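Enquirer: I would like to see how this sequence folds:
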Amino acid sequence: MIEKHIIPQLRFRCRQFLREENGTTLLEMALILPVFLLVFIGLVEFGRMGAEYVMADKALQLAARTAATRPAACPGVPNLNMRGVVPAGTTPPRFGTMCSAGGTVCANPGTITCSGDLTNPTVAEIWAATSVLMPTYATPANLSFSYSFDSNLGFLGGPYVPVVTVEIQNLNFIFTTPLTGLAALYGGGPVPGATLPFPAMSTSIPAEDLALGENG
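Expert: The predicted model follows:
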């Protein structure tokens with residue numbers, strides 16, 4: 001008699017449990033909340049990255065303009081346009097001849113590149129002016145300076161006038177929110193690292209006289 005009385009109750013409870021809808025809203029919120037937070041925090045973080053990109057671009061423009069009017073930020077950059085290799089049996093070009101005259105009128109020292117080093121006065125001046133525009137986690141070493149020979153600039157015996165390029169190197173955007181953790185939670189797998197390579201950017205400008213005056 002006891003078993004016959006219990007079995008109908010169990011069946012009733014089971015049917016009642018299957019029809020029960022209390023708590024479904026909480027379950028839906030638990031499923032949707034990580035997605036919402038992922039999108040919201042992603043907008044905040046990548047918006048911050050966009051702002052830092054714009055500020056860094058302005059910093060590079062200022063850095064390139066300053067580097068173009070100051071002594072070289074890299075060692076080994078010549079001060080003068082020296083004569084190039086003169087073929088045997090030919091008359092050496094006269095001093096004052098434009099480097100663009102053809103041949104090897106002016107020696108080509110190639111492209112000289114270095115990373116920012118505060119021991120160099122030019123780099124120190126540039127960093128003092130641009131650090132407020134760069135991401136807070138950037139260092140002078142994240143700036144790369146290049147001096148490239150251009151035969152259309154300068155004349156033999158005159159100041160060496162390269163094309164100066166300043167670019168950002170080895171800089172990773174650092175997330176300040178648990179964005180990667182949320183992505184891992186929703187995706188069910190690990191997200192590699194909490195950084196993202198900073199977009200490549202550079203600014204180039206022809207240098208001015210690097211041999212005259214205290215400031216270039």
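
Enquirer: partners of residue 146 in the sheet?
Expert: With DSSP bridges as the criterion, residue 146 is bridged to residue 113, residue 165.

Enquirer: Which other helices and strands does the longest helix seen in the chain contact?
Expert: Scanning the chain for the longest helix, with DSSP state H as the assignment, gives helix 24-68. If you count contacts as 3 or more CB pairs under 8 Å, 6 or more residues apart in numbering; DSSP states H and E, helix 24-68 packs onto helix 121-130, strand 163-168, helix 179-187, strand 202-206. Backbone N, C-alpha and C define where each C-beta goes, glycine included.

Enquirer: ok and it relative to helix 121-130, angle-wise?
Expert: Here the directions of helix 24-68 and helix 121-130 differ by 140 degrees (axes from the mean of the first three to the mean of the last three CA atoms, to 10 degrees).

Enquirer: Turn the helices and strands packed on helix 24-68 into JSON lines, columns for mean pLDDT, distance to residue 36 and mean neighbour count.
Expert: Formatted as JSON lines, the helices and strands packed on helix 24-68 follow (pLDDT from 0 to 100; distance: least, CB to CB, whole Å; neighbours: other CB atoms under 10 Å):
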{"stretch": "helix 121-130", "mean pLDDT": "95", "distance to residue 36": "38", "mean neighbour count": "18"}
{"stretch": "strand 163-168", "mean pLDDT": "95", "distance to residue 36": "33", "mean neighbour count": "22"}
{"stretch": "helix 179-187", "mean pLDDT": "55", "distance to residue 36": "10", "mean neighbour count": "16"}
{"stretch": "strand 202-206", "mean pLDDT": "93", "distance to residue 36": "38", "mean neighbour count": "16"}
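
Enquirer: I'd like the ones you listed as JSON lines, with distance to residue 96 appended.
Expert: Formatted as JSON lines, those follow (distance: least, CB to CB, whole Å):
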{"stretch": "helix 121-130", "distance to residue 96": "28"}
{"stretch": "strand 163-168", "distance to residue 96": "22"}
{"stretch": "helix 179-187", "distance to residue 96": "61"}
{"stretch": "strand 202-206", "distance to residue 96": "20"}
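
Enquirer: Please name whichever of these is nearest to residue 110.
Expert: Nearest to residue 110, of all the helices and strands packed on helix 24-68, is strand 163-168, at 12.3 Å by CB to CB.

Enquirer: Can you list the helices and strands that that closest one packs against?
Expert: On a contact count with 3+ CB pairs under 8 Å, 6+ apart, strand 163-168 meets helix 24-68, strand 143-148, strand 202-206.

Enquirer: Sounds good, over and out.
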